[in-house]
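Student: Model the structure of this input:
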Amino acid sequence: MKKIVLILFALILGLNIHAQRRRGGMNNIPQTNNEPSEKEIAKRERDMEERKEEYIDNFITTLEADEFQKHIIKQNILSFFEAKLAIFKMQFEHSIDRKKALEQLETTHFKELEELISESNMTKIKELIKGGFDEKEVVKKKKKKQKRNKRKKDKG
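Tutor: Numbering: from 1, shown residues only. Reported below is the predicted structural model:
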């Protein structure tokens, strides 16, 4: 009786270990070597461009300026991002050279814009450049405003 119990226990344990080893090999993620197609690349670039436009539009809504100034600011921000992307695509000998080029771009790109806009707007732009702009707050405020306007329309 003891031998039968021991044999059954060993058999169950052995089958369990065997099954786990087999299953472990099946969980590997297959590696794909295919490059993204031209269509996928174009779609990704289009999505990134739309996202950039949306991000900048959300930022522009936080500024206190008239439509003409906002349009000029938007053009400057777009040109800044394009110049920054060009710097990232360039080959530099050292990463220090790239950092210097980025710092130079950040300090000189908005010089002429400083004369046109208020100081508070300029600090917001510098915050955007440094990556301190929190888009989530702006989107929340937009949604709240839309809800309020919808409620007013429903009541009126």
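Student: Could I get the full set of helices for this protein?
Tutor: Here the chain has its helices, by DSSP state H, at 2-26, 38-60, 67-89, 95-108, 111-114, 119-130, 135-155.
Student: Quick check: the gap between residue 80 and residue 55.
Tutor: Distance from residue 80 to residue 55, counting by Cβ to Cβ, to the nearest Å: 13 Å. Heads up, the C-betas are built off the backbone N, CA and C, glycines and all.
Student: for residue 37, phi and psi?
Tutor: Backbone torsions of residue 37, given as degrees, to the nearest 10, read phi -80, psi 170.
Student: Near it, how many other residues are there?
Tutor: 9 (other Cβ atoms under 10 Å).
Student: Ok, residue 140 next?
Tutor: Neighbour tally, residue 140, other Cβ under 10 Å: 11.
Student: low-scoring pLDDT stretches of this protein, where are they?
Tutor: Along the chain, the model assigns pLDDT under 70 to residues 22-33, 156.
Student: make it 80
Tutor: By pLDDT under 80, the weakly predicted segments of the chain are 18-34, 36, 131-156.
Student: Thought residue 80 was touching residue 105, still the case?
Tutor: Yes: the criterion here is Cβ atoms under 8 Å, and residue 105 meets it with residue 80 at 7.2 Å.
Student: Identify the contacts common to these two.
Tutor: When contacts are counted by Cβ atoms under 8 Å, 6 or more residues apart in numbering, residue 105 and residue 80 have no shared neighbour.
Student: Not counting residues beside it along the chain, what's closest to residue 109?
Tutor: The shortest distance from residue 109 to any non-neighbouring residue, by Cβ to Cβ, 6 or more residues apart in numbering, is to residue 80 (5.0 Å).
Student: Let me see the contact set for the one you found.
Tutor: Residue 80 sits in contact with 105, 109-110, 129, where contact means Cβ under 8 Å, 6+ apart.
Student: now it: how far from residue 71?
Tutor: Applying Cβ to Cβ, the value for residue 80 to residue 71 is 15 Å.
Student: and what of residue 85?
Tutor: Distance from residue 85 to residue 71, by Cβ to Cβ: 21 Å.
Student: Please point out which parts of stretch 111-121 sit buried.
Tutor: Residues of stretch 111-121 classed as buried by neighbour count (16 or more other Cβ atoms under 10 Å): 113, 117, 121.
Student: Next one: the nearest residue to the first one once chain neighbours are set aside from residue 82, what distance?
Tutor: This means residue 113. Among residues not flanking residue 113 along the chain, residue 76 sits closest, at 5.4 Å (Cβ to Cβ, 6+ apart). According to Cβ to Cβ, residue 76 stands 11 Å off from residue 82.
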